[in-house]
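[1] I'll drop the sequence and a predicted model, then ask my questions.
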Amino acid sequence: MKKILVINGPNLNLLGTREPEIYGSETLKDIENRMRNYAGKFNVEVDFFQSNHEGEIVDSIQAARDKYGFIIINAAAYTHTSVAIRDALSAVEIPSIEVHISNIYKREHFRHKSYLSPVVTGEVMGLGIESYMAALFAALIKMGVEIE
Ligand code: CA2
């Protein structure tokens with residue numbers, strides 16, 4: 001199943017409009033366009049979901065079962081708090097990559113703990129928007145796509 005779901009958590013809809021020194025100047029739409037264009041070269045479809053609500057993110061992970069071969073997730077602040085999102089990722093057993101724009105270990109202590117890290121396949125962080133592109137590249141390879 002060569003389809004990827006990209007999930008973005010709370011406040012990431014504000015990307016490109018505030019705090020550019022931390023999160024850069026590109027919008028979520030820019031990221032989506034770049035990811036969709038790149039995956040499209042390999043005939044892989046990418047769907048995007050953003051929500052500020054924990055339960056909606058849990059629902060989107062549950063609904064991904066039997067539809068997506070890979071999940072790329074930036075759960076934003078829920079990374080550091082959500083047992084529910086962790087349990088959903090663990091339950092669906094879809095390979096997944098946790099993404100962060102910033103390096104969470106260079107930031108406040110409360111951001112150093114990720115509830116998701118133990119249940120995802122891998123993690124990419126600290127590369128700005130390129131964290132998403134690196135995760136996409138890895139997901140494509142893991143899905144068996146031949147990158148020439
Ligand atoms: O570095 C990341 O990608 C984070 O997941 C971003 C979260 C933060 O809570 C995590 O610790 C690390 C915050 C996303 C908020 O995004 C904004 C974007 C523009 C303006 C304000 C917030």
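    Structure's in. What do you need?
[2] What is the one helix or strand Glu32 maps to packed up against?
    Taking DSSP states H and E as the criterion, Glu32 maps to helix 28-40. If contacts are counted by 3 or more Cβ pairs under 8 Å, 6 or more residues apart in numbering; DSSP states H and E, helix 28-40 sits against strand 3-8, strand 45-50, helix 130-142. (Each C-beta comes from the backbone N, C-alpha and C, glycine too.)
[3] tell me the angle that helix makes with strand 3-8.
    Orientation of helix 28-40 against strand 3-8 (axes from the mean of the first three to the mean of the last three Cα atoms, to 10 degrees) gives an angle of 160 degrees.
[4] Tell me which of the helices and strands packed on helix 28-40 sits nearest to the ligand.
    Evaluated with Cβ to the nearest ligand atom, the helices and strands packed on helix 28-40 place helix 130-142 nearest to the ligand, the distance being 7.2 Å.
[5] which other residues reach that closest one?
    Residues outside helix 130-142 that contact it (Cβ atoms under 8 Å, 6 or more residues apart in numbering): 4, 6, 31, 34-35, 38-39, 42, 44, 46, 70, 72, 74, 95, 97, 99-101, 121-122, 124-125, 127, 147.
[6] Generate CSV for the helices and strands packed on helix 28-40, with distance to the ligand as supplementary columns.
    Compiled in CSV, the helices and strands packed on helix 28-40 are given as follows (distance: least, Cβ to the nearest ligand atom, whole Å):
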stretch, distance to the ligand
strand 3-8, 9
strand 45-50, 11
helix 130-142, 7
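[7] All set, thanks.
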